[in-house]
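*Asks:* take this sequence and fold it.
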Amino acid sequence: MIPARYSASRFPGKLMQDLGGKSVILRTYNATVATNLFDNVYVVTDSDIIFNEIVNNGGKAIMSKKEHECGSDRIAEAVENMDIDIIVNVQGDEPFTEVSSLKKLIDVFKKDNDKSIDLASLMVQIDDWDEINDPNTVKVIVDNDNFALYFSRSPIPFPRHKNSKTRYFKHKGIYAFRKEALMDFYNLPMLELEASEKIECIRYLEYGKRIKMVETNILGIEIDTPEDLERAKKVWK
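*Replies:* Residues are numbered from 1 along each chain as shown. Below is the predicted model of the structure:
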């Protein structure tokens, strides 16, 4: 599932911007289909423009019936009546989606015989202090088994000694959910920590869900600003 809003606070209409002759959302959709990892791939949107862009180019799209504050809610509405077990959320603004990272997420559930993992997500190590301190970069800390302990826009852990050997991880907003966990998220109210940080995956932690984090070295390019788009165009060439 690829949740896709037309409006965006920092870069309105970004998913319909041109990237090498096709829109960003169509590039993302095609890249996801090309992984050959999924039974079905859908774009889930509240926009007629995005819906028509996908359908008119031979893809599959679902129109949201309700207004949603986050991508997980949008996906949950779309899959509520589908007979499925695992749902993968690919961000619509990541046209360089690639197979290796997504396969790692899916493999988490193939190995989870007792179904103790509610969802899995990706993280990538970051070393640049500007990025570590950037509130637009969501950081994650994990336990010894790579289960998420907390997500924050602040640097976590706090860098009391910058010359320590602490590793910092950026959370990449690509998830794989068990359907039951996703529907619980959809039906449970937002609590204080999520409301404070404005990070949706905190809701899972607040309600006791287990999030397995998977490390990847593929940073990719998230198109959040016009500058990101220009960088993506150079990479695409």
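*Asks:* what about this protein, any weak spots by pLDDT?
*Replies:* Applying pLDDT under 70 to the chain picks out residues 9-10, 162-163.
*Asks:* care to break it down by domain?
*Replies:* Domain ranges of the chain: 1-94, 99-217, per automatic domain parsing.
*Asks:* any chance of CSV for those domains, columns mean neighbour count?
*Replies:* Backbone N, C-alpha and C define where each C-beta goes, glycine included. Below are those laid out as CSV (neighbours: other C-beta atoms under 10 Å):
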stretch, mean neighbour count
domain 1-94, 18
domain 99-217, 16
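*Asks:* what would those domains look like in a markdown table with distance to Ala232?
*Replies:* A markdown table is the format used below for the domains of the chain (distance: least, C-beta to C-beta, whole Å):
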| stretch | distance to Ala232 |
| --- | --- |
| domain 1-94 | 6 |
| domain 99-217 | 16 |
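*Asks:* in the protein, which spans are helices?
*Replies:* Remark: helices assigned in the chain by DSSP state H are 24-34, 48-55, 71-79, 99-110, 129-133, 179-187, 192-197, 202-206, 226-236.
*Asks:* contacts for the fifth one?
*Replies:* By that I understand helix 129-133. Under the contact criterion C-beta atoms under 8 Å, 6 or more residues apart in numbering, helix 129-133 has outside partners Ile126, Thr137, Lys139, Pro155, Pro159, Lys162, Tyr168, Lys170.
*Asks:* if we use 6 Å, what do you get?
*Replies:* Residues from elsewhere that reach helix 129-133 (C-beta atoms under 6 Å, 6 or more residues apart in numbering): Thr137, Pro155, Tyr168.
*Asks:* where is the longest strand in the protein?
*Replies:* strand 168-178 (DSSP state E).
*Asks:* and Leu149, which of the helices of the chain is closest to it?
*Replies:* Of all the helices of the chain, helix 202-206 sits nearest to Leu149, with 7.9 Å by C-beta to C-beta.
*Asks:* starting at the chain centroid, how far to that closest one?
*Replies:* Averaging C-alpha positions (C-alpha atoms, centre = their mean, to the nearest Å) puts helix 202-206 15 Å from its chain's average.
*Asks:* could you say what helices and strands it packs with?
*Replies:* Under the contact definition 3 or more C-beta pairs under 6 Å, 6 or more residues apart in numbering; DSSP states H and E, helix 202-206 sits against helix 192-197.
*Asks:* how far out from the middle of the chain is the helix it packs on?
*Replies:* The chain centroid and the centroid of helix 192-197 are separated by 18 Å, computed with C-alpha atoms, centre = their mean.
*Asks:* about what we covered before: could I get the contacts of helix 129-133 as CSV with distance to Ala148?
*Replies:* Converted to CSV, those look like this (distance: C-beta to C-beta, whole Å):
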residue, distance to Ala148
Thr137, 16
Pro155, 16
Tyr168, 14
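*Asks:* among those residues, which one lies nearest to Gly58?
*Replies:* Among the contacts of helix 129-133, and counting by C-beta to C-beta, the member closest to Gly58 is Thr137, at 35.4 Å.
*Asks:* surely that closest one touches Lys170?
*Replies:* Yes: between Thr137 and Lys170 there is a contact at 5.5 Å, judged by C-beta atoms under 6 Å.
*Asks:* bridge partners for Val124, pull those for me.
*Replies:* Lys170 (DSSP bridges).
*Asks:* so it sits against Lys170, correct?
*Replies:* Yes: with contact defined as C-beta under 6 Å, Val124 and Lys170 form a contacting pair (5.3 Å).
*Asks:* hang on, Gly20 packs against Val235?
*Replies:* No: the pair Gly20 / Val235 is not scored as a contact, 9.8 Å apart, by C-beta under 6 Å.
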